[in-house]
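Colleague: Sequence isn't available, so here's the structure alone:
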DNA sequence: CTGTTAGCGCTTTCAC
DNA sequence: GTGAAAGCGCTAACAG
């Protein structure tokens, strides 16, 4: 059947198909392009059979070289170890497969240099569009893409000075939902724990929603805690100091922590464990991002779930629309969050001893010298 | 309309560089290919400057079209939602970036059809090699690649009838390590809980190691439990039945579960929770795959950690060696596991009441009608 | 409807 | 050392 050349992988070319089918390359090309109205039935049939018989697969490299239809989409991910990124990737990959596109994946590891480098790599393969989820620093190369009207869809966060479409969570709404839930459950002293706000719009959005919701309750106290999740023990330190501060302020309220994303959630859970603090007994806990283990820790961790799969899927479809030439103005697609209620935010009504700043303090020993993660 | 190309930024071509530098395309090409010994210093300098000035980036599509050096590597992943796959992907992506390659990622979702389809897609982009981690069903297309001497490295599991290189865990050793640990901790009735062995070599390897280790202890009882992690509540049912069976057998031993991978671990943890069973009090638990949440559940889950990053990284480097033409015989690179000891396998010596089959049974109610996952 | 003729951007003989 | 020319596999004018 198949001719083996000495080169190993033998590629059947359009020329071979044309020859064997007794037609011109053009006709085969038209067949590939789906221009059936320009092909007679017998010709079409003949080509179809030959392609099947030879097991011909057109080279996307060659197709792409000509006009630009590489059917390639580049995806830049800030951190492949972040479950959020993977979940979004899952949806994006599915959408690509559905539409006959292939994903080129680059992990930037939150590193500027690698981001730039990845952008260059993707460009060199003539990707038709870009899905972008990464740190907001040094966005110059991105801006250039914007000026060139290159199709880009942003994931989760804006980039200053670029008018790209965005797909993500409705962060303000989500944070409000979260805060209202905690308030309703009887918590009065709430800390939003986030990675550095810097210029990250999604984090800022969550803070805005949080602040907004807290503002309606002057009898309650809200505070934003910035943490570095890569620095072992840092979250524990910050959280401990927060507790101490609340107690020093003479607060008699119930304390809850609102984790800004999955990475923070993990560090908080670890930190609380290291301090032997339990939820909801000692402190309430609500986390952004539903994770596989959310139901498992303690009596279960309440979460704000993002429709991550949909975010990825939607983003690709939006990108495809842009690729196909739509020139409309910038569009923002914000999907809805979902509250998943578990033990970590159980109501503290009627349990005045629970989750009090003062009662926590007695449990916290002075900060240890060693990092507090692990056990 | 606009005269910009589809790709937006007007692409600088090698011809432009050559013209502006006052040299031939050939020389520029040589420069790109690093053939400096065939270039005079002034020429080289001139080209270098021009490239920088124009911001020229060669088109990989065009380069690939000619000889085949696309600098593209395809990766087929069985399940992108499996943390193992992501962790390996992380290492693989890093290695690619290090060597100037780019990853094309396809998620097959354990689906034969999509696997075949993805293989075709990857082929159509002339990837130089393939990293393959997927279900062992219908391997015909893979075999063809083997016959064509196409560079492929298998991840984690063999494929029958193919002599590709393999990078993965030393499963036999890992399972032995795990089993010996459980035995040493005083557990006597151990069940290895795995997804269907089918033809998956890694699972078989783990079972082999398990059986081997158990065989040395005729006073202990080992059993393999196959579960379907996608069927809600199935793990709970199987585990429950196991407990009941052990009790019926009149066993007075201490029971432990050995989870065959991360997916199973999660389901087991969920199942135990749904049955209100705790570890190590009611049952010992040791899981393959170290996960972010392993320290968090209960008193921490003991795990067998795989060097996932290294597996991915090594696999790519091995693939690169093959791509660069090495023709040596099939090679298997099995990396070492690491035991991480936590509360879930705490010693039960001196606690005769703990982890006994008989004591568990009293806690298990008859199987519920509804799936037992969740709460 | 169908085929002929040019290239796409780059690498690679093969001359000079 | 350097360059001209001939393609790689495919698509896209432009005829018939």
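Modeller: Cool, the structure landed. The shown structure was predicted, so the numbers you read here are calculated from the model rather than taken from an experiment.

Colleague: So which residues of chain A form strands?
Modeller: Along chain A, counting by DSSP state E, strands occupy A:72-77, A:102-107, A:129-133, A:152-155, A:165-169, A:189-194, A:221-226, A:255-259, A:284-288, A:302-305, A:332-335, A:338-340.

Colleague: so which of these gets nearest chain B?
Modeller: Nearest to chain B, of all the strands of chain A, is strand A:102-107, at 4.6 Å by Cβ to the nearest Cβ. (C-beta placed from N, C-alpha, C; glycine too.)

Colleague: can you list contacts of that closest one?
Modeller: Residues external to strand A:102-107 that are found in contact with it (Cβ atoms under 8 Å, 6 or more residues apart in numbering or on different chains): A:71-77, A:79-80, A:89, A:92-93, A:96, A:114, A:118, A:121-122, A:125, A:127, B:90, B:93-94, B:97, B:102-106, B:121-122, B:125.

Colleague: Closest residue of chain A to DNA strand D?
Modeller: Closest to DNA strand D within chain A is residue A:14: 2.8 Å, counting by Cβ to the nearest atom of the strand.

Colleague: Hmm, that residue is touching residue A:25, no?
Modeller: Yes. Under the criterion of Cβ atoms under 8 Å, residue A:14 makes contact with residue A:25 at 5.3 Å.

Colleague: More neighbours: the two, which one.
Modeller: Each of residue A:14 and residue A:25 has its neighbours counted (other Cβ atoms under 10 Å in any protein chain shown); residue A:14 has more, 21 against 14.

Colleague: re the thing from before, got a pLDDT number for the residue of chain A closest to DNA strand D?
Modeller: If you check residue A:14, the pLDDT there is 94.

Colleague: any idea how far it is from residue A:145?
Modeller: For residue A:14, the distance to residue A:145 equals 33 Å [Cβ to Cβ, to the nearest Å].

Colleague: Same check on residue A:155?
Modeller: Using Cβ to Cβ, residue A:155 is found at 15 Å from residue A:145.

Colleague: For those two, work out which one has more neighbours and name it.
Modeller: Of the pair residue A:155 and residue A:145, residue A:155 is the one with more neighbours under other Cβ under 10 Å, namely 24 against 21.

Colleague: if I read this right, that one contacts residue A:130, doesn't it?
Modeller: No. Contact criterion Cβ under 8 Å: residue A:155 and residue A:130 do not qualify, at 10.3 Å.

Colleague: Touching, residue A:187 and residue A:251? I think so.
Modeller: No. Using Cβ under 8 Å, residue A:187 and residue A:251 do not qualify as a contacting pair, with a distance of 11.5 Å.

Colleague: Comparing these two, which shows the higher neighbour count?
Modeller: Neighbour totals were compared for residue A:187 and residue A:251, and residue A:187 leads with 26 against 17 (other Cβ under 10 Å).

Colleague: quick one: pLDDT of the nearest residue to that one once chain neighbours are set aside?
Modeller: Leaving aside its chain neighbours, residue A:187 sits nearest to residue A:256 (3.8 Å; criterion: Cβ to Cβ, 6 or more residues apart in numbering or on different chains). Looking at residue A:256, its pLDDT stands at 96.

Colleague: Residue A:321 too?
Modeller: pLDDT at residue A:321 comes out at 95.

Colleague: Neighbours of it, how many?
Modeller: By other Cβ under 10 Å, the residues close to residue A:321 number 16.

Colleague: again, but for residue A:253
Modeller: Residue A:253 has 19 neighbouring residues, counting by other Cβ under 10 Å.

Colleague: Surely it is in contact with residue A:189?
Modeller: Yes. The pair residue A:253 and residue A:189 qualifies as a contact (Cβ under 8 Å) at a distance of 4.2 Å.

Colleague: contacting residues around the residue nearest to residue A:187?
Modeller: Counted by Cβ under 8 Å, 6+ apart, residue A:256 has contacts A:182, A:185, A:187, A:189, A:190, A:191, A:283, A:284, A:285, A:286, A:345, A:355.

Colleague: are any of those buried, and which?
Modeller: Among the contacts of residue A:256, those buried by neighbour count (16 or more other Cβ atoms under 10 Å in any protein chain shown) are A:182, A:185, A:187, A:189, A:190, A:191, A:283, A:284, A:285, A:286, A:345, A:355.

Colleague: Return the member of the residues you listed nearest to residue B:264.
Modeller: Taking Cβ to Cβ as the measure, residue B:264 lies nearest residue A:285 of those, at 27.2 Å.

Colleague: Walking through chain A, point out its helices one by one.
Modeller: A:14-21, A:25-32, A:41-54, A:60-66, A:83-98, A:112-124, A:140-147, A:171-184, A:201-215, A:234-248, A:262-274, A:308-323, A:357-361 (DSSP state H).

Colleague: Check which helices and strands the first one sits against.
Modeller: The helices and strands touching helix A:14-21, judged by 3 or more Cβ pairs under 8 Å, 6 or more residues apart in numbering or on different chains; DSSP states H and E, are helix A:25-32, helix A:41-54.

Colleague: Now do it and helix A:25-32, the angle between them.
Modeller: Going by axes from the mean of the first three to the mean of the last three Cα atoms, to 10 degrees, helix A:14-21 is angled at 100 degrees with respect to helix A:25-32.

Colleague: is helix A:14-21 up against DNA strand C anywhere?
Modeller: No. Helix A:14-21 does not reach DNA strand C (Cβ under 7 Å from any atom of the strand); its nearest approach is 7.7 Å.
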